[in-house]
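> Here's my sequence, what's the structure:
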Amino acid sequence: MYLVHTYALPRSHNQNMTLEEQIRQKIDLKTKPVGALGYLETLALKIALVQQTLTPRLESPTQIVFAADHGLAKNGVSAYPPEVTHQMVMNFLAGGAAINVFCKQNGVAIHVVDAGVNFDFADHPSLIKAKAGYGTQSALYGKAMTAEQLRFCLSESARIVDHIFNKGCNIIGFGEMGIGNTSSASLIMASLLSKPVEECIGRGTGVDNEQLQHKTHILKQVIDFHGSIKDPWEILQTFGGFEVAQMCGAMLQAHQNNMLIMVDGFIATAAYALVHAVEPAIANRSIFCHVSNESAHRHFLDSLNQKAILDLNLRLGEGSGCALAYPIIQASVNFLNEMASFETAGVSNR
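Numbers count the residues shown, from 1 in each chain. Okay, the predicted model is just below:
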């Protein structure tokens with residue numbers, strides 16, 4: 001309930017406040033009990049601090065879906081065959097996937113990047129060709145990619161983000177498509193957090209119990225083959241898909257451009273975690289959109305001290321969580337900019 005007592009900081013005091021204090025004051029003096037909008041208030045504060053203003057704006061929201069094939073997929077770690085990767089890219093380009101539906105609904109532009117699919121696509125207005133190869137090598141027998149391929153992924157995706165940024169985008173989401181990429185994310189998580197790989201494995205595309213046992217066996221073999229790796233970029237080169245590597249480069253460039261970064265599910269979080277190990281300040285610009293039904297994702301988020309907006313038992317990928325969470329992110333900006341204060345509304349504060 002609202003208690004009768006009007007309170008506003010004197011103008012001279014306001015001028016001596018830091019920007020963060022001014023934002024918090026603006027949030028607290030809206031016509032609501034303090035803290036009543038919960039995590040929306042946290043989001044509003046984060047966004048306003050990133051943009052260094054009391055009146056933030058979200059401009060030209062954009063979703064990038066990076067797609068690539070994985071050598072490990074040939075070792076039976078997924079419920080689906082490898083050719084599904086290029087078939088789903090075709091579905092994205094035709095506008096028929098979940099990410100297309102959600103982006104269209106919420107006014108988010110979408111681009112699909114061929115980061116390394118084992119297929120040659122015809123030109124398409126929504127397709128960006130940035131192929132580092134026709135899929136990675138199987139990490140069961142060596143590093144997934146060469147150092148040159150890794151450098152290409154990081155620089156090419158940075159160029160893509162710069163192009164989108166220069167068109168006026170200040171909030172960007174990252175998703176992926178690649179049969180076998182939950183295995184890549186599990187290996188990255190196990191190496192980064194020094195956890196047994198068994199604790200980082202989930203059902204991915206929906207493997208049954210027998211397939212899960214096989215997947216676990218294969219990933220344990222991969223870890224045993226490579227041993228302990230600590231350097232983030234070496235971890236990425238060893239276990240990452242081309243789409244994971246390009247997400248890393250894209251996130252790093254978005255951070256450098258002071259853009260808001262929407263992080264999707266388990267695989268996108270693995271990419272974020274690698275970049276965070278190199279550039280911890282990326283946390284200030286990142287918004288985690290959902291906690292996946294992939295069993296290890298919640299533990300991954302906890303290890304990064306991050307809270308996700310949505311918990312819908314999603315395990316689709318594609319950036320679907322970003323597109324679904326975007327209206328909530330927009331709502332946090334809208335209440336900060338448009339909601340009346342106690343003073344302007346003539347409502348008694350406590």
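
> Show me this protein divided up by domain.
11-57+334-345, 62-328 (automatic domain parsing).

> so which of those domains is the most packed in?
Greatest average neighbour count among these goes to domain 62-328 (a mean of 21), per mean count of other Cβ atoms under 10 Å. Just so you know, the C-beta spots here come from the backbone N, C-alpha and C atoms, and that holds for glycine as well.

> and that domain, average pLDDT?
On average, the pLDDT along domain 62-328 is 95.

> Start and end of it, how far apart?
One end of domain 62-328 sits 15 Å from the other (Cα to Cα, to the nearest Å).

> Ok, stretch 335-350 next?
End-to-end distance of stretch 335-350: 20 Å, with Cα to Cα as the criterion.

> Any idea how far the host helix or strand of F174 is from the middle of the chain?
In this structure, F174 is located in strand 171-177 according to DSSP states H and E. Its chain's C-alpha centre and that of strand 171-177 lie 6 Å apart, by Cα atoms, centre = their mean, to the nearest Å.

> Residues touching stretch 75-83, excluding its own?
69-70, 73-74, 118, 135, 138, 140, 179-180, 182-183, 204-208, 211, 214-215, 218-219 (Cβ atoms under 8 Å, 6 or more residues apart in numbering).

> helix or strand for the residue nearest to P232 when sequence neighbours are not counted, which one?
Residue nearest to P232 in three dimensions, not counting chain neighbours: A277, with 4.2 Å by Cβ to Cβ, 6 or more residues apart in numbering. Here A277, judged by DSSP H and E, is contained in helix 266-278.

> ok and the helix or strand following that helix relative to strand 171-177, angle-wise?
Where DSSP H and E defines the elements, the next helix or strand beyond helix 266-278 is strand 286-290. Between strand 286-290 and strand 171-177, the angle comes out at 50 degrees (axes from the mean of the first three to the mean of the last three Cα atoms, to 10 degrees).

> Quick one: name whatever helix or strand follows strand 286-290.
helix 297-303.

> how about the helices in the stretch 151-300 of the chain?
181-193, 209-226, 232-239, 242-256, 266-278, 297-303 (DSSP state H, counting those that start in this stretch).

> quick one, the second one and helix 181-193 angle?
Spelled out, that is helix 209-226. Using the same axes, to 10 degrees, helix 209-226 lies at 50 degrees relative to helix 181-193.

> Which other helices and strands does helix 209-226 contact?
Judged by 3 or more Cβ pairs under 8 Å, 6 or more residues apart in numbering; DSSP states H and E, the packing partners of helix 209-226 are helix 181-193, helix 232-239.

> from the chain's centre, how far out does that helix sit?
Worked out by Cα atoms, centre = their mean, helix 209-226 lies 26 Å from the chain centre.

> contact partners of it?
72, 75-79, 139-141, 183, 186-187, 190-191, 197-198, 201, 203-204, 207, 238-239.

> Quick one: residues contacting I235.
I188, S191, L192, I229, L274.

> from what I can see the second one touches G227, true?
No: checked against Cβ atoms under 8 Å, the pair S191 and G227 is beyond contact range at 9.8 Å.

> Show the backbone phi and psi for V50.
Note on V50: its backbone torsions stand at phi -60, psi -40 [degrees, to the nearest 10].

> show me the contacts for it.
V50 touches P56, N258, L260, N284, R285, counting by Cβ under 8 Å, 6+ apart.

> where does it land on pLDDT?
At V50, pLDDT is 98.
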